[in-house]
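J.: Show me the folded form of this:
(2 chains)
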Number of protein chains: 2
Amino acid sequence: MEPAVAVAGEAFGAWVERALGQVESALERWVGADAPAGLGEAMRYGVLDGGKRVRPLLVLAACEAVAGEPAAALRAAVAVELIHAYSLIHDDMPCMDNDVLRRGKPTVHVRFGEAQAMLAGDAMQALAFEVLTPDDDPALPPALQAHLCRLLARAAGHRGMAGGQAIDLANVGRALDEAALRDMHRRKTGALLEVSVLMGAACGTVDGAAWKALAAYGAAIGLAFQVVDDILDVTQPSTTLGKTAGKDVDANKPTYVSVLGLDAARAHARALHDDALAALARSALPATRRLRELADLIVERRH
Amino acid sequence: MEPAVAVAGEAFGAWVERALGQVESALERWVGADAPAGLGEAMRYGVLDGGKRVRPLLVLAACEAVAGEPAAALRAAVAVELIHAYSLIHDDMPCMDNDVLRRGKPTVHVRFGEAQAMLAGDAMQALAFEVLTPDDDPALPPALQAHLCRLLARAAGHRGMAGGQAIDLANVGRALDEAALRDMHRRKTGALLEVSVLMGAACGTVDGAAWKALAAYGAAIGLAFQVVDDILDVTQPSTTLGKTAGKDVDANKPTYVSVLGLDAARAHARALHDDALAALARSALPATRRLRELADLIVERRH
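T.: Below you'll find the predicted structure:
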């Protein structure tokens, strides 16, 4: 499998298709093949053949922006997608959102049982860090391995994704103001999207100003992603989303639509998109085209 | 907080007390203080004030055996205990062992609810890797951070602890022969105990032969630990164990006692203890006293 390399003048659709091919084939190769039977199946079911792969695409695009090492970025892309996929498996379980449909298929606990779903998620989190720490890959020197593990652990943990989920849990049925909602989503969804950009950037050489600009880009598109998610939850049917539509409303969860209203939520998503592009311009990096296109994709998506 | 340093001629009990003090104070400092309220409490409840801390003691003892960097070993000790503690939280949940008592207290899901328990476990796994990858600790150069993350991720994941739990899950009510039982326990319990020794050793300089001998020591005491656990499960009351006694038998799970009988299980534990000491002798390391004493403790413990 050839790692992603920039091809001059390639259309966005072709770039995405090529990048997704590499990510799918890496996931196929690294996930679950050497796990005990039931566990391996549950892990593979939970991460293969599904999802928009926004986070891996951000990793690969950011790596391209800094002319980084593509083979390292591919590992980072797989690691971040494993964290995302494990969080969905655990989030869908009866004790959390109790959801039965995900990516158009029965959720992992429906298909494999709750115990296996919990273990599959647990094993996928460990696998993310295993993928980042190969002992035989010259593309990932130890300092880069440590940096990628540090970034991912912080984004996935109690100050990032898991922390955001806990805040979410504590606020079902409560009225949140916009600042509290933003803090929750910055952790719950934003942290992993932002760190995808930074992990890609870590695969190359980048100065402090460009790093900061990429973090601002990641924070803006991370929040935009959630605002759009909240909009789609009330405007699209389950068949388009591949997951249960309207569930935030049903669960009485605060969303950007419930706090701001639909029109203001749409305007907010557009403003965050513009913030993201402004941050890219500030970065002064020469090859930010894919990151710009991904910002468009995140805000204009229909599922 | 001063990291562990060897004190010549110190009695084992005093060494343990000093080491435990350092581990408790590090856990106290690093776990949950900066997490959202409910999550932080659940994380702290799940790991503070309890447990025998066998894994951290093995890390610190192995570091001492190779004259390694104590501050690095303390981080490794905390990381491995976080993985152990998260696995107990998830294991106790209704969809797994459905246990209500752990370390003499109500289990985390009984106290905080299932959703918070699952999130606390998830956040503790991430925190383990965060603790191993500080950006400001001269005791942990990046190459050591990467090595420790690699060791821990492999031991915790689908080929190690999580894999063993999946095999356990698949074999409730089935008759296993000793080889299959050994394979399950080598992963489920043994992998994390063995890697504790290796993570401690990684904090110093050690040649290939000594590394191999320490791995053999870790594998032997890792399995001995489980054999003794199976013996205690049928010979000790819940009040002594701090967890529900007889639960393996009640759950119709295969154990060393059910497969070998009580006398043969006891003889097996003694034989593994002797294997562990023989491996230490082969290591040719000068300061293996604490590892020897820990092997005694593991086999002679009463809870």
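J.: Neighbours of the residue nearest to residue A:216 when sequence neighbours are not counted, how many?
T.: Distance criterion CB to CB, 6 or more residues apart in numbering or on different chains; nearest residue to residue A:216, sequence neighbours excluded, is residue A:279 at 3.9 Å. Bear in mind the C-beta positions are built from the backbone N, C-alpha and C, glycine included. Residue A:279: 23 surrounding residues under other CB atoms under 10 Å in any protein chain shown.
J.: what residue ranges in the stretch 151-300 of chain A are flagged as low confidence?
T.: A:241, A:245-246, A:249-250 (pLDDT under 70).
J.: Quick one: the helices in it, in order.
T.: A:161-170, A:178-185, A:191-202, A:208-235, A:238-241, A:247-250, A:256-260, A:262-283, A:289-300 (DSSP state H, counting those that start in this stretch).
J.: Between these, which one is closest to residue A:133.
T.: For the helices of the stretch 151-300 of chain A, the distance to residue A:133 is smallest for helix A:191-202, at 13.6 Å, taking CB to CB.
J.: For residue A:30, the count of nearby residues, please.
T.: Neighbour count for residue A:30, taken as other CB under 10 Å: 17.
J.: secondary structure class for residue A:139?
T.: coil (DSSP: H, G, I helix; E, B strand; the rest coil).
J.: and the gap between it and residue A:130?
T.: Counting by CB to CB, to the nearest Å, the separation of residue A:139 from residue A:130 is 16 Å.
J.: ok, these two, which is more surrounded?
T.: Shown here are residue A:139 and residue A:130; by other CB under 10 Å, residue A:130 has more neighbours (24 against 16).
J.: that older thread, ranking the helices of the stretch 151-300 of chain A by burial, who's on top?
T.: Sort those by mean neighbour count, taking mean count of other CB atoms under 10 Å in any protein chain shown, and helix A:191-202 sits at the top with a mean of 28.
J.: how far does that helix sit from the chain's center?
T.: 9 Å (CA atoms, centre = their mean, to the nearest Å).
J.: and the direction of that helix versus that of helix A:178-185, what angle?
T.: On the basis of axes from the mean of the first three to the mean of the last three CA atoms, to 10 degrees, helix A:191-202 is oriented at 60 degrees to helix A:178-185.
J.: now for helix A:191-202, which elements pack on it?
T.: Where contact means 3 or more CB pairs under 8 Å, 6 or more residues apart in numbering or on different chains; DSSP states H and E, helix A:191-202 is packed against helix A:54-65, helix A:70-91, helix A:142-156, helix A:161-170, helix A:208-235.
J.: Now do the longest one: distance to the chain's middle.
T.: Think helix A:208-235. Distance of helix A:208-235 from its chain centroid, counting by CA atoms, centre = their mean, is 11 Å.
J.: Keeping just the C-alphas, turn the helix or strand encompassing residue A:24 into CSV.
T.: According to DSSP states H and E, residue A:24 maps onto helix A:12-30. Coordinates of each C-alpha in helix A:12-30 appear next as CSV, following Å, rounded to 0.1, in the frame of the first residue of the first chain:
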residue,chain,number,x,y,z
PHE,A,12,-10.8,17.3,-4.6
GLY,A,13,-13.1,14.3,-5.3
ALA,A,14,-10.2,12.3,-6.6
TRP,A,15,-8.0,13.3,-3.7
VAL,A,16,-10.6,12.2,-1.2
GLU,A,17,-11.1,8.9,-3.0
ARG,A,18,-7.4,8.2,-3.0
ALA,A,19,-7.0,9.2,0.6
LEU,A,20,-10.0,7.1,1.7
GLY,A,21,-8.6,4.1,-0.2
GLN,A,22,-5.4,4.3,1.8
VAL,A,23,-7.2,4.7,5.1
GLU,A,24,-9.6,1.8,4.4
SER,A,25,-6.8,-0.5,3.4
ALA,A,26,-4.7,0.5,6.5
LEU,A,27,-7.7,-0.1,8.8
GLU,A,28,-8.4,-3.4,7.0
ARG,A,29,-4.8,-4.5,7.6
TRP,A,30,-4.4,-3.2,11.2
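J.: mind listing what's buried in it?
T.: Neighbour-count burial for helix A:12-30, counted by 16 or more other CB atoms under 10 Å in any protein chain shown, picks out A:15-16, A:18-20, A:22-24, A:26-27, A:30.
J.: As JSON lines, those residues with pLDDT and distance to chain B would be great.
T.: Putting those into JSON lines (pLDDT from 0 to 100; distance: CB to the nearest CB, whole Å) gives the following:
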{"residue": "A:15", "pLDDT": "97", "distance to chain B": "31"}
{"residue": "A:16", "pLDDT": "97", "distance to chain B": "29"}
{"residue": "A:18", "pLDDT": "97", "distance to chain B": "29"}
{"residue": "A:19", "pLDDT": "97", "distance to chain B": "25"}
{"residue": "A:20", "pLDDT": "97", "distance to chain B": "24"}
{"residue": "A:22", "pLDDT": "97", "distance to chain B": "22"}
{"residue": "A:23", "pLDDT": "98", "distance to chain B": "20"}
{"residue": "A:24", "pLDDT": "97", "distance to chain B": "19"}
{"residue": "A:26", "pLDDT": "98", "distance to chain B": "16"}
{"residue": "A:27", "pLDDT": "98", "distance to chain B": "14"}
{"residue": "A:30", "pLDDT": "96", "distance to chain B": "11"}
